[in-house]
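A.B. asks: Sequence and predicted structure below; questions after.
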Amino acid sequence: MRIDHRQAWDLLCSMDRILLLTHRLPDGDALGSIYALYLVLKSLGKTVRCETDAIPSSLRVAVIPCDEPAFAPDHVVAVDTGDRKLLNDELNERYGDRVDLCIDHHGTHVPYAEYTLVDPTAAAASEVLFDMLKLAGFVLTEPVARELYIGISTDTGCFRYGNTTAKAMRAAADLMECGIDTEYLNTELFETKTREYAAFERLALNALRTYFDGKCAVMVVTRAMYEESGLDEADDKAVNALPRQIQGVYVGVTVKEKKDGGFRVSMRSKEPFDAAAVCAALGGGGHRLAAGCELTGTAEEVTNIILNAVKPAIEKIG
Ligand SMILES: [Mn+2]
């Protein structure tokens, strides 16, 4: 059942012995929203703990001490998780059908919780939480503000993506006024690379090729690149942005060789190229300017499948 911010707050206040969950391969919003909610519930005197997947080292700045002894939860709350399938398999199996409340911002939200607070106009689940806390008159502490800022800033690409609204920026301004060090956070979140990532990026960029008069860029990332750079797979997401960054490119494609064979394809585009349509035709899906699919074959075969699939749309652009 859909509920509003006020009802979600009242519901949280009525709960205790709460387990907090978020989606697999956690990003900044997943962690910012789960930890912000953890801190808020702790400050209300509740017994609460978080269960998350492995946290990428690029998001270490978000991590707070929350090693609670395990307890059997009376209530389960999920944040930033638009579908129970996005919980990791183990958590989905154990808790997927008994989530009491989900707080989310995905327009594609597939209901699974008993109560759902979803606001697709919010840039981040952390913004939904911010709205709820503001409405409830909860006085934000610096640690809570910091987590919410991490969530909103990462889901908007540091306030650059199309989901950046004036409202999201106002929320960030309010969070700044709680005394958080945004310069430090922005440097950690958007500028700092591990040595392994820098080595991995160099190898990946060496493999980048352009096609169709420079309108399409394809970068094939092989298993050898992970081995040579020492990069953990959980930390490889940022390279997906690289092919589209080149001037004149309408569609940038990152093709990553999976551990167990096959390739994961990430497609980023610029208007008027519809990446979602191309990826849907290849058995995947996503958003208009950021989509994906999975393909099998050799790297060369997969590249050819992609080039054939993007060709008609590129020719239309002219
Ligand atoms: Mn999010």
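C.D. replies: Arrived safely.
A.B. asks: Find the closest residue to the ion in this structure.
C.D. replies: Proximity of the chain to the ion (C-beta to the ion) peaks at Asp29, 3.3 Å away. For glycine as for every other residue, the C-beta is placed from the backbone atoms N, C-alpha and C.
A.B. asks: residue contacts, that residue?
C.D. replies: Neighbouring residues of Asp29 by C-beta atoms under 8 Å, 6 or more residues apart in numbering: Asp80, Ala124, Ala125, Ser126, Ile150, Gly151, Ile152, Thr154, Asp155.
A.B. asks: Now name the helix or strand holding it.
C.D. replies: helix 28-43 (DSSP states H and E).
A.B. asks: and what of Lys256?
C.D. replies: Residue-wise, Lys256 maps onto strand 251-257 under DSSP H and E.
A.B. asks: Next SSE downstream of that strand?
C.D. replies: strand 263-269.
A.B. asks: relative to strand 251-257, how tilted is that following strand?
C.D. replies: Calculated by axes from the mean of the first three to the mean of the last three C-alpha atoms, to 10 degrees, strand 263-269 forms an angle of 170 degrees with strand 251-257.
A.B. asks: other SSEs contacting strand 263-269?
C.D. replies: strand 251-257, helix 275-281, strand 290-295, helix 299-317 (3 or more C-beta pairs under 8 Å, 6 or more residues apart in numbering; DSSP states H and E).
A.B. asks: try 7 Å this time
C.D. replies: The contact analysis (3 or more C-beta pairs under 7 Å, 6 or more residues apart in numbering; DSSP states H and E) places strand 263-269 against strand 251-257, helix 275-281, strand 290-295.
A.B. asks: And for it, what's in contact with it?
C.D. replies: If you take C-beta atoms under 7 Å, 6 or more residues apart in numbering as the criterion, strand 263-269 is touched by 240-241, 244, 250-258, 275, 278-279, 289-295, 302, 306.
A.B. asks: Those residues also near the ion: which ones?
C.D. replies: Applying C-beta under 5 Å from the ion to the contacts of strand 263-269, one finds that nothing falls near the ion.
A.B. asks: Could you say which helix or strand holds Ala217?
C.D. replies: Per DSSP H and E, Ala217 falls inside strand 216-221.
A.B. asks: For the next helix or strand after that strand, which residues meet the burial criterion?
C.D. replies: With elements assigned by DSSP H and E, the helix or strand that comes after strand 216-221 is helix 223-229. The neighbour-count check on helix 223-229 (16 or more other C-beta atoms under 10 Å) flags Met225, Tyr226, Ser229 as buried.
A.B. asks: Next to the ion, which bits of the protein? Give me the list.
C.D. replies: Residues of the chain lying near the ion (C-beta under 5 Å from the ion): Asp29, Asp80, Ala124, Ala125, Asp155.
A.B. asks: Sitting in strands, which of these do you find?
C.D. replies: Assignment to strands by DSSP state E places none of those there.
A.B. asks: need these in JSON lines with pLDDT, can you?
C.D. replies: As requested, these are arranged in JSON lines below (pLDDT from 0 to 100):
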{"residue": "Asp29", "pLDDT": "98"}
{"residue": "Asp80", "pLDDT": "97"}
{"residue": "Ala124", "pLDDT": "98"}
{"residue": "Ala125", "pLDDT": "98"}
{"residue": "Asp155", "pLDDT": "96"}
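A.B. asks: And the residues you listed, which of them are buried?
C.D. replies: Asp29, Asp80, Ala124, Ala125, Asp155.
A.B. asks: Contact partners for the fourth one?
C.D. replies: Contacts were defined as C-beta under 7 Å, 6+ apart; by that measure Ala125 touches Asp29, Ser33, Val79, Asp80, Ile103, Asp104, His105, Gly151.
A.B. asks: Sheet-wise, list the partners of the strand holding Ala217 with their directions.
C.D. replies: Using DSSP bridges, strand 216-221 pairs in its sheet with strand 208-211 (antiparallel), strand 251-257 (parallel).
A.B. asks: Mean confidence (pLDDT) on that strand, please.
C.D. replies: Mean pLDDT, computed over strand 216-221, is 98.
A.B. asks: what does that strand contact?
C.D. replies: By C-beta under 7 Å, 6+ apart, strand 216-221 touches 204, 207-211, 239, 242-243, 246, 249-257, 299, 303, 306, 310, 314.
A.B. asks: And these, which of them are buried?
C.D. replies: Using 16+ other C-beta under 10 Å, the buried members of the contacts of strand 216-221 are 204, 208, 210-211, 239, 242-243, 249-257, 303, 306, 310, 314.
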